[in-house]
Structure formats: C-alpha cells, structure tokens
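S.K.: Quick one: sequence and predicted model below, then my questions.
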Amino acid sequence: SQQGEEDPQALSIQEGENATMNCSYKTSINNLQWYRQNSGRGLVHLILIRSNEREKHSGRLRVTLDTSKKSSSLLITASRAADTASYFCATVTYNFNKFYFGSGTKLNVKP
Amino acid sequence: EAQVTQNPRYLITVTGKKLTVTCSQNMNHEYMSWYRQDPGLGLRQIYYSMNVEVTDKGDVPEGYKVSRKEKRNFPLILESPSPNQTSLYFCASSLFQGSGQPQHFGDGTRLSIL
C-alpha cells in the first residue's frame, strides 16, 4: 500500500514551542500535502509541496520533502493552543487520481 | 460560501437496509472523492470521480457504489450495509487533478450499522 505513516502518533507540547511531525511513504509521488483535522471535523488543507521542491513555507508552517528517503516533515513554529488538532500527510500519485493519507499525528498544545 | 455539503451528518441503521449519503459541492470542481476514516487507519479512499460519468475505485471500494450524473453531486450508496461499514465518511472535491490540487472536505457523516 502507498499509505503514508506519520510519526509520532501523538505529540504534547507547551504553547510557544515548535512542533515537528514526520511522514514517510512508499512509492513515487507527484506531490505531498498536509491537512489538519479538528476533532472529527472535515480536513482542511494546509500546504502542498511538489516532488521537485525541497522546502516550502506558509506563515508558521515549514514543510520539507526528501524524495530519496521518501519522507516529509511539517514544522509548526511558536505553537498556539488553537493548533491542537490531528495532522495528516497525503501523497498524490503521478496519475493524479489517488490520494493516500497517513494515520495522522495528534498534536496537543497546552496553554 | 464555497463548500462541500454532506447529508446526513449522523445515521444509525440496521444491516441490509440500503442507504445513500449525499455529497454536493458548489465550486464547480471536476474531481470528487469519498473516504472513510477509522481509528488508527487514517483516511482511506473509497471511490473517486474525475468528472461527470467518470468514476473509479479507490483503495477500499467493496460494498460501496457511487454515481456522478451531475458535476456538483457525488452520492455514496451502500446497497446492503454491514457492521464493518460503521465509520466516519468524508466527501471531498478539488478543482481538477491535473496538477494535484488540494481537496476541500465536507464535515463528515458518521454511520453506525447495527
């Protein structure tokens, strides 16, 4: 299966600290996307990185992609209590048709 | 407001009773998809549709049917639901898949099959 794996499964930090989540996948991809999910709600897209990119920034988010290691990381800097959520990586295959989601990292930011 | 709308949001039903979960998007998106989310397994793709009358299987299509007669609607049909289909279901859409567009998700439908 192409399904990605996030690491760690759960992360608990204090407000103001940085949070890093990792994603590994198995086969070649066109792009990788990170999503956020609040408590059983629908997922919200955060950031997309293409296979020919190595790093991307969006506000407090920084994503890296290492296609040789088939891995990506999401860094949230200066975390806030409102960042408490589950975070998922999703890989998109070269035919663009299928999305493969990982099992997610549950982030708890304590005020 | 741009959105993906699923109905119902919650449903408890019994084994074998056919049900349909509707999904509608108002963004003129070409690509639509259904996922189920189970604890520890993340989201798994059930079916997707590249455009009207074009549908294809995802990773876990068994026991499900879909149709795409209009661009905005993509219903998920469980012809004979079974308890192992108890799950949280999400519909999603994106503009098109040609360059890996991000997906917009509905708020989910929680199905319980007794």
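M.R.: The structure has been received and is ready for your questions. Residues are numbered from 1 along each chain as shown, chains lettered A, B, ... in the order given.
S.K.: nearest residue to the most centrally placed residue in chain B other than its sequence neighbours?
M.R.: Chain B has B:W34 as the residue nearest its centroid, 2.8 Å off, counting by CA atoms, centre = their mean. Excluding its sequence neighbours, the residue lying closest to B:W34 (CB to CB, 6 or more residues apart in numbering or on different chains) is B:I46, at 4.3 Å. Where you see a C-beta, it was placed from the backbone N, CA and C, and this is true even at glycine.
S.K.: Please list all residues in contact with that neighbour.
M.R.: Counting by CB atoms under 8 Å, 6 or more residues apart in numbering or on different chains, B:I46 makes contact with B:S33, B:W34, B:Y35, B:R36, B:G58, B:D59, B:V60, B:P61, B:Y64, B:V66, B:L76, B:Y89.
S.K.: Help me confirm that the first one comes into contact with B:R44.
M.R.: Right, the one you point to is B:S33. No: counting by CB atoms under 8 Å, B:R44 is not a contact partner of B:S33; they are 11.0 Å apart.
S.K.: of the two, who's got more company?
M.R.: Per other CB atoms under 10 Å in any protein chain shown, whichever of B:S33 and B:R44 has more neighbours is B:S33, with 27 against 19.
S.K.: Would you mind listing the residues in contact with that one?
M.R.: Taking CB under 8 Å, 6+ apart, we find B:S33 in contact with A:F99, B:Q45, B:I46, B:Y47, B:Y48, B:S49, B:G58, B:F74, B:C91, B:A92, B:S93, B:Q103.
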